[in-house]
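1. have a look at this prediction, sequence included:
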Amino acid sequence: MSATMTLGGAIGAGLRQAMTADPKVLLLGEDIGKLGGVYRVTDGLQRDFGPQRVMDTPLAESGILGTAVGLAYRGYRPVCEIQFDGFVYPAFDQIVSQVSRMHARTKGAVTMPITIRIPVGGGIGSAEHHSDSPEAYFAHTPGLRVMSVADPQSAYSLIQEAVACDDPVLFFEPKRRYHLKGEVATDGAPAAGGMSRARVLRHGTDVTVLTFGGLVQVALDAAEAASEEGLSLEVIDLVSLSPIDWPAVTESVRRTGRAVVVHEAAQTGGIGAELAAGITERCFFHLEHAVVRVTGWDIPYPPAKLERHHLPDLDRVLDGVDAALGRPSSYGEQAFA
């Protein structure tokens, strides 16, 4: 069976399926019950499963995660919603000091099957603390899985796989794509290991473009525009930011000889830096040019009226492609000297 869903609706449908399949799956978050969430992702779930399984919490992210740790200890599979990306920082200590370490600390006796859903990124004109991209903080933390979805089908399948995983999962949802519609196959179980595998969305031969989340569609649009000039771009949705699917990345880059990494977060210390280092280590003798990073600027996220100057767009992606091809670009030769 299949149905047309938005990305947000697909996450809600995936949560419903996970809750139906396993009575140990519980949802916690601010306004997720009666309201159905700020983005209505959990709309109707409290009505159908009751307030003991879909719990409205106080405005205290550290309390949400602390409660989730206790529930996981007792054998439950809590799914925590952090209302906005910038609100995750009060829970940072719980996630890094407790959630990520418990399995190792107990020598495998205790698992932390906690899924932490986070609407992420810009593009919708939000206020401060509502448009952050904090994925690198968590990808740097051993013991956590970090992933980002880009379309309704992957959202529906991968939220179920995240909930079923015995590891803690940071599940990033690009808020500017919540209303993106697509056909979703709802029959059959999610493919095992899907949350760790990158997806080649467009095959190409000249440059590999690596991205995730809200910028996947931008990369695909850039590839289509480049094709009109005779360029063939391969577009890969990383999906998993920790662990990275290195076999998929290296196979592509060794064929094209060039890589452009695109993400919304600031450049310094970002996912792009890890990808550039890892590609250089694994593909050095295949590279025709240094890895190019197209990212947000190294500034605090700007006011809403300026975010269009901050976020990578089609033109900036194509500018990065020109740099990777050794063509004139805004990067200039000194950027790679």
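-> Looks like it arrived, so ask away.
2. CA only for contacts and neighbour counts going forward, please
-> Will do.
3. quick one: mean pLDDT over stretch 7-20.
-> For stretch 7-20, the mean pLDDT works out to 98.
4. quick one: distance of that stretch to the chain centre.
-> 17 Å (C-alpha atoms, centre = their mean, to the nearest Å).
5. cool, and stretch 249-267?
-> That offset, for stretch 249-267, works out to 16 Å (C-alpha atoms, centre = their mean).
6. what's the answer for stretch 32-47, then?
-> Worked out by C-alpha atoms, centre = their mean, stretch 32-47 lies 22 Å from the chain centre.
7. same deal with stretch 285-292?
-> Worked out by C-alpha atoms, centre = their mean, stretch 285-292 lies 25 Å from the chain centre.
8. show residues contacting it.
-> 253-255, 257-261, 276, 279-280, 320-321, 323-326, 336 (C-alpha atoms under 8 Å, 6 or more residues apart in numbering).
9. same check on stretch 297-310?
-> 122-128, 131-132, 265-268, 296.
10. including pLDDT, neighbour count and secondary structure, could the residues you listed go into CSV?
-> CSV is the format used below for the contacts of stretch 297-310 (pLDDT from 0 to 100; neighbours: other C-alpha atoms under 10 Å; DSSP: H, G, I helix; E, B strand; the rest coil):
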residue, pLDDT, neighbour count, secondary structure
122, 96, 26, coil
123, 94, 18, coil
124, 94, 14, coil
125, 93, 15, coil
126, 93, 14, coil
127, 90, 12, coil
128, 92, 13, coil
131, 95, 28, coil
132, 96, 21, coil
265, 98, 29, strand
266, 97, 23, strand
267, 97, 18, coil
268, 98, 12, coil
296, 98, 22, strand
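11. let me have those in CSV, extended by distance to residue 171.
-> Output for those, formatted as CSV (distance: C-alpha to C-alpha, whole Å):
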residue, distance to residue 171
122, 16
123, 19
124, 19
125, 22
126, 20
127, 22
128, 21
131, 16
132, 14
265, 16
266, 20
267, 21
268, 22
296, 21
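12. looking at the residues you listed, which is nearest residue 99?
-> Closest approach between the contacts of stretch 297-310 and residue 99, by C-alpha to C-alpha: residue 132, at 21.6 Å.
13. any idea how far that closest one is from residue 256?
-> Per C-alpha to C-alpha, to the nearest Å, residue 132 is found 32 Å from residue 256.
14. what does residue 33 give?
-> 48 Å.
15. which of these two has more residues huddled nearby?
-> Taking other C-alpha atoms under 10 Å, residue 33 and residue 256 do not tie; residue 33 has more neighbours (24 against 20).
16. residue 9 and residue 41 touch, don't they?
-> Yes - counting by C-alpha atoms under 8 Å, residue 9 touches residue 41, with 6.0 Å between them.
17. where in the stretch 101-250 of the chain is pLDDT low?
-> 188-193 (pLDDT under 70).
18. mind doing that once more with 80?
-> Residues of the stretch 101-250 of the chain that meet the criterion pLDDT under 80 lie in 188-194.
19. centre-most residue in the protein?
-> The residue lying closest to the centre of the chain (C-alpha atoms, centre = their mean) is residue 148, at 1.8 Å.
20. skipping adjacent residues, who's closest to that residue in space?
-> residue 172 (4.6 Å; C-alpha to C-alpha, 6 or more residues apart in numbering).
21. surely that neighbour is in a strand?
-> Yes - assessed by DSSP: H, G, I helix; E, B strand; the rest coil, residue 172 belongs to a strand.
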